[in-house]
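>>> here is a sequence together with a model predicted from it:
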Amino acid sequence: MFLCVHSYYSLRFGTIPPEELLLDAIKLEYTTLALTDINNTSSGTDFVRLAKKHHLKPVLGIDFRNGAQQQFIGLARNNNGWHSLNQYLSLYLQEGKEHPLKCPPLADTFMIYPFYEHIEIDQLQENEFIGVRPKDLNRLKFHPIQKSLSKLVALLPVTFRNKKDFNAHRLLRAIDNNFLLSKLESSEQADAEEKMMSISEIQQLYSEFPELLTNTEHLLGMCSIDFEFSSDAAPKNLKTYTDSEEEDFQLIKKLCNEGLSYRYPQVSPLILDRIEKELSIIREKKYLSYFLINWDITSYARSKGYFYVGRGSGANSVIAYLLRITDVDPIELDLYFERFINLYRKNPPDFDIDFSWTDREDITQYIFNKFKNVTLLGAYVTFQYRAIVRELGKVFGLPKSDIDFLSDGRFSYEKLDNLQQLVLQYSAYIQDFPNMLSIHAAGILITEEPIQRYTATFLPPKGFPTTHFDMVVAEDLSIYKFDILSQRGLGKIKECLEIISYNQPQATVADIHDMKRFKQDELIKDLLRNAKAIGCFYVESPAMRMLLTKLMVDDYLGLVAASSVIRPGVSQSGMMREFILRHRFPEKRKNAHPIMLDIMPETYGVMVYQEDVIKVAHYFGGLDLGEADNLRRGMSGKFRGREEFEKARQSFFTKAQQKGHPLELVAEIWRQIESFAGYAFAKGHSASYAVESYQSLYLKAYFPLEYMTATINNFGGFYRTELYVHEARMHGASIEPPCVQRGSADSIIYDRTIILGMGLVKDIEHQTMMDILSERKQNGPFLDLDDFLQRVRISLQQITILIRVGAFRFLGMGKKQLLWDVHFRLASTKMSQPDQGLFETPVKSFTLPNLEHSWLEDAYDEFELIGFPLCNPFDLLEESPADEIYASELSQKIGSEVTVVGYLVTVKPSRTAKGERMYFGTFIDRRGFFLDTVHFPPVAEKYHWRGNGVYVIKGKVSEEFGALSIEANYLEKLRFKDDPRYT
């Protein structure tokens, strides 16, 4: 009966989750329900899946609007009609056009126009109708259109369930229009009566025109839509890479044979058997094209000299290893084959392929050029609590101080006024509503049919068509993504090799892919053992530094395990500490349950990797491999709550007890699985990460200054640029500010001197840098200030910034004199005018008195323009505590109260089991070494962080497995000396 139904995927308009629409329809005894979100198809296919689940007939359509103004509603008669609607919407979204008053012809669709748009009845095509709302019925009595009742249908929009929904809708409309709620116009919001009514209520409303209801039911009856959601459904991805499956199979066999000699100089029967087993299953599961497309992408990358890392569960595959999609040998590492693929698994293995952040866009463009039906995978940005508090605070007209107060969360609800309480009530209500469409971090879809068979697309700033639905819906449709990611780590490795070639041209550099050598390298082992891995991929964070210290690992397999142990799941399950105990003290391994130890001997009976869930579910719980994989997927959170996951959970408890395990043990193992699996890595994934970690550790060990320069240029990793500058200094580098004479846009190294790049300077324009560097390259060094101004077109504002940051120090003049000089020359024009004539234009000279200058002025200029001072920040302190001790002394003070002074590096907020706020702090002491602090809730509540700077921390030194930290009971930010220019 309803031709216009909105879920909350009618973004910033609708308020009802799709499944709740279906449940409401069931309560009112409807058997058919349409979904017509506004300019959006995010929930279309999932609505069909849910309707099947609830035994309702689904109808799909789109409510086409310009802003809030409804133009027409399109209903799909069938799947071809849905395709037509999606094509039309995609075109308009991608071109940014408005919808016309009348829709162009679209095959297999019905079009409903609102009554008030005055479309002439004789202009309507066979598939076009006029929708009459209840409020239009009085006008209809006296309107000539009533003589053509066959072209009229009942239009009963559904947007709300109750008054609270309507209030939330008005708030969403105010947010969308950036209006105060009191200024929201009625034309920007829906009618408060847009609710789902019972059949009897509708019949009463349209009692004078029952034909409209008959026409409406007839229209819905002619619509039919269906998608294949069966777990046995064939993938909807591109079916063949070549012209046929047989050709695909022959090609992949040929590539495997070619890869054998590259990967395995000596081929054993075990390897050949594994290859045959994988090829057989890959062919049977129809994943040949999936592997070949990944091979094509990585082959292109190698042809361009791009570094990449192939990871994910696909790294458990020897075929992927032979095709050079990954660099992890699953035979050597004994990677669990069934995590990669098995006949029960419904979806293909994951290949996450990381490229340098400088290369990914070209890879993406290549994929779009190479294959026919390609789109980026969409995602939804949802309203998060603190953000919606701020938005609603603005809508209600609260002052900024009140908004800051509410969003901070430090208040007593009972003490708030009514308006403030309203903000919080509706923030909680709107929280997790979809807010806007976005892009999945990495997903690309390559389909056999056009993606518009399933969804419309939009065009985000990246410029590539992007789906309205997310990865969960895509997988339900058996459309599997290709993950093309970018990261800074690979850029660092590639650039470091380039820097070595110019700064140490005579140096011998190992093959960066020679993992066998790296695994035996004593310098790399020393860095790992002592957790000296700042700047190195995935092993540099404070948490990883502490874990490496506790584990004392110095080998590849240890690092592979650590890369997964560090994930939140292992710590949440309470098993991180147990793993460390069993690793450090072999006698503790007997604490493991014998079955768990037998299943996972390498990790001492502790679940560390994703495949451990499958192993435990299969061998301990008695689930078959299909059920075990459902359990593993369900743990990801994306699928939790689905029926198949719940069935797997029940089956785990039932079958585990049938195998004789006591309920208490089964419940404990389940608790570990539940808290762990959603965050764990597959072992092949961890192994791939460890390869990149080893590559960066090698460069850090043998070429630390070149590596830190590359780290700075690739915008670091876990930390701010400042820490990488500090790390370079700790390795003996001399750090200089940017320089127009010797520097570049990026940081550059000369022997042991690093000149920071102009690109680090705040507000320096890219064109300014390019003009300076281009002129210097073409015509040589700058002789003096006048020579620079006669050769480079630059504004007064830009050159002032460069002088203040020290980029003209090569002239041997003070900053203040240079600033006077440049203002004297450019004060009237504000822009230099390079002289292109045959003769230089004479410049008037003048003499200035001696202008005093302090190093403190440089430090404050650097603070402002680079973000940190190039001097030792401790030199800026007005005064320091007399009783401070250093990081190197903490091992003699375990259990004692101490006072330390530290320059803040990073703060990690956390929550206790009770939900109380606490923090982990990371500092460097006066000598440049790390201090780690823990701030439990009472201290966190009493002593607050005051931004970057130097702090005095008092507390007790604690030790766990050799890792030292300070349990803080006092925190205070110390005052810097004043800028002498303003005192």
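It's in. Numbers count the residues shown, from 1 in each chain.
>>> C-alpha only now, for contacts and for neighbours.
Noted.
>>> secondary structure element for the spatially most central residue of the chain?
Centroid-nearest residue in the chain: residue 441, 5.0 Å away (criterion: CA atoms, centre = their mean). If you go by DSSP states H and E, residue 441 is part of strand 434-447.
>>> same question, residue 299
Going by DSSP H and E, residue 299 is in helix 288-303.
>>> contacts for the helix or strand hosting residue 110?
Counting by DSSP H and E, the element that carries residue 110 is strand 109-114. By CA atoms under 8 Å, 6 or more residues apart in numbering, the residues outside strand 109-114 that reach it are 70-78, 81-82, 84-85, 103, 119, 127-132.
>>> quick one, which of the residues you listed are buried?
Among these, those buried by neighbour count (16 or more other CA atoms under 10 Å) are 70-78, 81-82, 84-85, 103, 127-132.
>>> got the buried residues for stretch 777-797?
Buried-residue list, stretch 777-797, by 16+ other CA under 10 Å: 782, 786, 788, 789, 790, 791, 792, 793, 794, 795, 796.
>>> will you turn those into TSV that also has secondary structure, distance to residue 575 and pLDDT?
TSV is the format used below for the buried residues of stretch 777-797 (DSSP: H, G, I helix; E, B strand; the rest coil; distance: CA to CA, whole Å; pLDDT from 0 to 100):
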residue	secondary structure	distance to residue 575	pLDDT
782	coil	62	97
786	helix	68	92
788	helix	63	96
789	helix	65	94
790	helix	68	93
791	helix	65	95
792	coil	62	96
793	coil	62	95
794	coil	60	96
795	strand	60	96
796	helix	61	95
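>>> where does the prediction get shaky in the stretch 801-950 of the chain?
Residue ranges of the stretch 801-950 of the chain with pLDDT under 70: 835-846.
>>> just the strands in it please.
897-911, 917-924, 930-935, 950-960 (DSSP state E, counting those that start in this stretch).
>>> of all these, which one is nearest residue 10?
Closest to residue 10 of the strands of the stretch 801-950 of the chain is strand 897-911 (CA to CA; 34.5 Å).
>>> so where is the protein shaky, pLDDT-wise?
Those would be 117-118, 337-346, 569, 571-573, 634-645, 676-679, 835-846, if you go by pLDDT under 70 across the chain.
>>> among the buried ones among the contacts of strand 109-114, which are in helices?
81, 82, 84, 85 (DSSP state H).
>>> ok, now how distant is the first one from residue 477?
Using CA to CA, to the nearest Å, one obtains 18 Å as the distance from residue 81 to residue 477.
>>> number of residues surrounding residue 144?
10 (other CA atoms under 10 Å).
>>> quick revisit: can I get the helix holding residue 299 in PDB? Just the C-alpha atoms.
Output in PDB follows, covering the C-alpha atoms of helix 288-303 (Å, rounded to 0.1, in the frame of the first residue of the first chain):
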ATOM      1  CA  LEU A 288      40.700 -18.600 -10.800                       C
ATOM      2  CA  SER A 289      39.900 -15.100 -12.000                       C
ATOM      3  CA  TYR A 290      40.200 -13.700  -8.500                       C
ATOM      4  CA  PHE A 291      43.800 -15.000  -8.200                       C
ATOM      5  CA  LEU A 292      44.700 -13.900 -11.800                       C
ATOM      6  CA  ILE A 293      43.400 -10.300 -11.300                       C
ATOM      7  CA  ASN A 294      45.500 -10.000  -8.100                       C
ATOM      8  CA  TRP A 295      48.500 -11.400 -10.100                       C
ATOM      9  CA  ASP A 296      47.800  -8.800 -12.900                       C
ATOM     10  CA  ILE A 297      47.800  -6.000 -10.400                       C
ATOM     11  CA  THR A 298      51.000  -7.000  -8.700                       C
ATOM     12  CA  SER A 299      52.700  -7.700 -12.000                       C
ATOM     13  CA  TYR A 300      51.900  -4.200 -13.100                       C
ATOM     14  CA  ALA A 301      53.300  -2.800  -9.800                       C
ATOM     15  CA  ARG A 302      56.600  -4.700 -10.300                       C
ATOM     16  CA  SER A 303      56.800  -3.400 -13.900                       C
END
